[in-house]
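> I would like to see how this sequence folds:
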Amino acid sequence: MTSINLTASLLIIGSSLISVLCDVPAPIIKSLKVNCDIKYKYATTLVSSRILNPANVSQEVHFRVTLPEEAFITRFVLVIKGEPYEAYIKEKDEAKKDYDAAVSAGQSAGHIFQTSSRFSKDFTVSVNVAAEEKADFNVTYEELLTRKNGTYKTEINIEPHQIVPDLSIVVNIEDILQITNVRVPKFKMSNEIDQSDGENTNAKKEEISPNKFRVEWNPSKKEQKELKPEGLNGQMIVEYDVDASNKTQQIMIDEDGYFIHMLRNDLLPVLRKHVVFVLDVSGSMYGHKMEQMKQAMDKILSDLSEKDCFSIVLFSDTTTAWKENGADMELLNYYYGYPDEERKSFSAGEENVVTANKENIKNAINFTKSLGTYGGTNINGGLRVGIDIAKIGQQKFKNDVHPVEPMIIFLTDGEPNTEESDPDKIIDNVGKRNTEKVTIFSLSFGFDADLNFLKKLSLANNGFSRRIYEGSDAALQLNNFYKEVASPVLSDVKFEYLPEKVENTTAETKNLFSGSEILVLGKVKPNSTVSGVLSAMTAEGRRMLQMPIDYLFLPPIEHKPNQTKIGYLEKMWAYKTIKSLLDQNTVSENDTLKEKAKELALKYKFVTPLTSLVVVKPNVTSVVDDNKEGKNNMYRHVCVCAFVYMYL
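Residues are numbered from 1 along each chain as shown. Below is the predicted model of the structure:
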C-alpha cells in the first residue's frame, strides 16, 4: 500500500515557540505524481510532489508517504530553489552520529521518520520552505510483489486533502510472460477492505503488447471534487496476473547469471488439511472483537471441504477444545463447570479431531456463536493443546492413502499473562513440542498483541504472522487471510541446487497454496546451468519434480557509461536475501546474519532496520562536495538535516 499525504504547519523562525496563524495561507500542493514501474513482479515506485508556500513568511511543510509493509526506501531527493539535495544511506549508528553532528552545529535540524499504519509504514519529512518559494519532494521505494489468490496487486493511497491541479498516477507493467486480467477497481475512499466490484472507468488501460501494459489516471480538479470536495483521501489499486498456465515451473535468467525460479500451479488437487483453530477468548476479546471473530469463523468453517478435518481450541486463563457432539457440555464445563485446577489439566484426544461434514460444521458454528469471554491470556497453554491435537491428527491419518496437511491458525489480541508470560520461553516451549514442524500462522487482533513475538513464533514454525486491524472489516480481513492458506497444493517444498553450479540461492522450505507462487533467486556460476532437485508433498504423496531445462532469457538492461549496472534480477535477489537474513535474525539473533544484511543493504542502497537515510541541506546555494570539504567540515553550514531508519 502506498500513501501520499501532505500537510503543513507554520514555524516562526527565531522564536522558541511554534505558532499557527490562522490568517496565513497554507501551503499549496501544485503537483503530485506517482510513477510505478513493475518489471518481472519487482515494483519501483517514485512519488514526486511540488509544494508552494504562498505566504510572506516561511512555513514548515510535512511530506508523508505511506509505504507497503514489505517495501524498502532506496532514494530521497529534496529540491529547494532548484538545488537538489540527495539523501545518502549509511549504517544506522554512523548515520545517527552524522545527524547529531548537524544538530550540534547550532542550526535547525529535522527528522525523517517512519511509523506504522494499517498494512503499511509511514515515511515523513518536515522541511522549512521560505516565503513564496517551492519545494520538490521525491522518494523512491522498491518491493517484490507477492501473488495472492491469483493476483498481483499494487495499492497507492492518495491523501493530499486538497484539490491538486496536476495529479497523475502511472503504473507500467512488464513481464516476460503474457500479462492477463488487468483490473483497476474504483477509487477507494478508505483503507478498509471493500468487496464491491466497480471499476475506475476514468483510468486509462493500454495494452502496449502481450507483455507490456500501462495504466494511467489523471483526475481533473472536477473529478477530484466529485470524489471528495475537500480533496482525495483514498486508494488507487491496480491488479493483474501473468499467464503461466502451461508450465508449473519457469526459470528466468539475465546476462549476469542471476536467475529467478518460479513455482506455481493452480490446477493441482488441494491437499487434505487438518486446521487447528487456537482462539483467544480472554476478557480483552469482549465486545466487537469477539463478534467479528464469530462472523469470520462462521464463514471459514462453512468453506471447509468435507474431506478436511478441523479442531477448535479455546484459551483464556485455561484451555479446552471442542469435540464432536459435545458443544453444549464443553461450553458449560469450560466457563462454569470444572474447578480451576481440573481445567488446567485438560488433555486432548482423538475426539477433538473432527471431520468437516455438514452436521459437524453446523454444530461447530453454533458452538462458536455461543462463545463468551473470560479471564486472562494463557498463550502457552493454548499453543500446547493446539500442537498436541495437530500431532494426534497426524497419527490418526498416517496410514491414509492421501496425506493430511496440518496447520495451526492462532489468534490473540493480547500479551501472555497466565502460566507463562515470557514470549521467548513460550517460543522455546513451542519449538520443543512441535517436533513435526506443524505450520503456525499467527494473527494479531488489534494493537495490544505483541506482533514481534507472533512474527518470531510463526517464522520459527514455517508460517507467517498478520495483524488484523480493528474496524468494521475485521471479519473480512480474517476471511481474506484464510483464503490465502485454505488451499495448499504442495507442502514441504524443497529446492536443492547443485552447489558446484548454483550459488547464493534464497531457497527455503515452504508450502505452495493455490493462487500463490514460490520464488527462488540465485546466481548461476560461469558456464553452468540451474541444476538440482525439487521435491514436495503432493495430494498423492511425496514426489520429485524435474527442474526446467528451457530458460527464459531477459534482455540486457540499459545503463549509462559511468553508472553501476544492477539488473532487475540482481536487485530482486538482494531484496529477497536481505528479507531472509532479517527474518532469520528475528528467530535467532545473530551478529553474522545482521552483518550480511547490513552489507547488502549498503551496497544496494536499501533503508532497512540496520541502515539509515540522511539528507543534509547547506545554507549556501551549492551542494556540499564531500570529497573537497571533508567529513568534518560538512556541517559548517547545515540548516536542515534529516535522518530515517526502520525499527527492528
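> Which of the helices or strands spans the nearest residue to Leu383 once chain neighbours are set aside?
Distances taken as C-beta to C-beta, 6 or more residues apart in numbering put Val430 closest to Leu383, at 5.4 Å, once the chain neighbours are dropped. All C-beta atoms are positioned from the backbone trio N, CA, C, and that covers glycine. Secondary-structure element containing Val430, defined by DSSP states H and E: helix 423-433.
> how close does the residue nearest to Leu383 sit to Ala449?
Distance of Val430 to Ala449, computed by C-beta to C-beta, to the nearest Å: 16 Å.
> One more: Pro423?
Distance from Pro423 to Ala449, by C-beta to C-beta: 11 Å.
> so what does the longest helix along the chain touch, helix or strand wise?
Scanning the chain for the longest helix, with DSSP state H as the assignment, gives helix 568-587. Packing contacts for helix 568-587, counted by 3 or more C-beta pairs under 8 Å, 6 or more residues apart in numbering; DSSP states H and E, involve strand 42-52, strand 134-144, strand 258-263, helix 451-459, strand 518-524, helix 591-604.
> Kindly recompute the last result at 6 Å.
Under the contact definition 3 or more C-beta pairs under 6 Å, 6 or more residues apart in numbering; DSSP states H and E, helix 568-587 sits against strand 258-263, helix 451-459, strand 518-524, helix 591-604.
> and among the ones you listed, the most buried is which?
strand 258-263 (a mean of 24; mean count of other C-beta atoms under 10 Å).
> Just say helix, strand or coil for Arg64.
With DSSP: H, G, I helix; E, B strand; the rest coil as the basis, Arg64 sits in strand.
> Any figure for the gap between it and Asp136?
Following C-beta to C-beta, the distance that separates Arg64 from Asp136 is 15 Å.
> Ok, Met285 next?
Relative to Asp136, and taking C-beta to C-beta, Met285 is found at 48 Å.
> roughly how far out does stretch 439-450 sit from the chain middle?
On the basis of C-alpha atoms, centre = their mean, to the nearest Å, stretch 439-450 sits 14 Å off its chain's mean C-alpha point.
> What mean pLDDT does that stretch get?
Averaged over stretch 439-450, pLDDT sits at 88.
> do the same with stretch 206-221
For stretch 206-221, the per-residue pLDDT averages 97.
> May I see the buried residues of that stretch?
Phe213, Val215, Trp217, Pro219 (16 or more other C-beta atoms under 10 Å).
> for the stretch 351-500 of the chain, what spans make up the helices?
358-369, 379-396, 423-433, 451-459, 474-485 (DSSP state H, counting those that start in this stretch).
> Let me know which of those is the nearest to Asn233.
helix 474-485 (20.6 Å; C-beta to C-beta).
> Output the contacting helices and strands for that closest one.
So helix 474-485, by 3+ C-beta pairs under 6 Å, 6+ apart, packs with helix 288-302, strand 465-468.
> Out of these, flag the one nearest Ala43.
Going by C-beta to C-beta, the one of these nearest Ala43 is strand 465-468, 20.5 Å.
> now the helix holding Val430 against helix 568-587, angle please.
Inter-element angle recorded for helix 423-433 and helix 568-587: 100 degrees (by axes from the mean of the first three to the mean of the last three C-alpha atoms, to 10 degrees).
> same question for helix 423-433, mean pLDDT?
Rounded mean pLDDT across helix 423-433 is 96.
> CA atoms only for it, dumped as CSV, please.
Taking Å, rounded to 0.1, in the frame of the first residue of the first chain, the C-alpha atoms of helix 423-433 are listed here in CSV:
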residue,chain,number,x,y,z
PRO,A,423,7.5,-14.7,25.0
ASP,A,424,10.9,-16.2,24.4
LYS,A,425,10.2,-19.1,26.8
ILE,A,426,6.8,-19.7,25.0
ILE,A,427,8.6,-19.9,21.7
ASP,A,428,11.2,-22.3,23.1
ASN,A,429,8.4,-24.4,24.6
VAL,A,430,6.6,-24.5,21.2
GLY,A,431,9.8,-25.5,19.4
LYS,A,432,10.4,-28.4,21.8
ARG,A,433,6.8,-29.6,21.5
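> Tell me what angle that helix forms with helix 379-396.
Using the same axes, to 10 degrees: helix 423-433 against helix 379-396 is 10 degrees.
> Now do helix 423-433: which elements does it pack against?
helix 379-396.
> contact partners of the helix it packs on?
274, 276, 278, 311, 313, 315, 319, 321, 348, 350, 352-353, 406, 408, 416, 419-420, 426, 430, 433-434, 438 (C-beta atoms under 6 Å, 6 or more residues apart in numbering).
> Show me where the chain dips below the pLDDT cut-off.
1-22, 99, 102-120, 190-197, 326-345, 559-560, 616-648 (pLDDT under 70).
> list the contacts for Ala507?
So Ala507 contacts Phe495, Val520 (C-beta under 6 Å, 6+ apart).
> re earlier: buried sites along the helix holding Val430?
Buried-residue list, helix 423-433, by 16+ other C-beta under 10 Å: Pro423, Ile426, Ile427, Asn429, Val430.
> And for stretch 283-303?
Ser284, Met285, Lys289, Met290, Gln292, Met293, Gln295, Ala296, Met297, Asp298, Ile300, Leu301.
> Just the CA atoms of it, as CSV, please.
Taking Å, rounded to 0.1, in the frame of the first residue of the first chain, the C-alpha atoms of stretch 283-303 are listed here in CSV:
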residue,chain,number,x,y,z
GLY,A,283,-11.7,-10.9,28.8
SER,A,284,-10.0,-8.5,26.4
MET,A,285,-11.8,-10.0,23.5
TYR,A,286,-15.1,-8.9,24.9
GLY,A,287,-17.4,-7.0,22.6
HIS,A,288,-16.7,-6.0,19.0
LYS,A,289,-13.6,-8.2,18.5
MET,A,290,-15.5,-11.4,19.7
GLU,A,291,-18.4,-10.6,17.4
GLN,A,292,-16.0,-10.1,14.4
MET,A,293,-14.3,-13.4,15.2
LYS,A,294,-17.6,-15.2,15.4
GLN,A,295,-18.6,-13.8,12.0
ALA,A,296,-15.3,-14.9,10.5
MET,A,297,-15.5,-18.4,12.0
ASP,A,298,-19.0,-18.8,10.5
LYS,A,299,-17.6,-18.2,7.0
ILE,A,300,-14.3,-20.0,7.4
LEU,A,301,-15.9,-23.2,8.8
SER,A,302,-18.5,-23.2,6.1
ASP,A,303,-15.8,-23.1,3.5
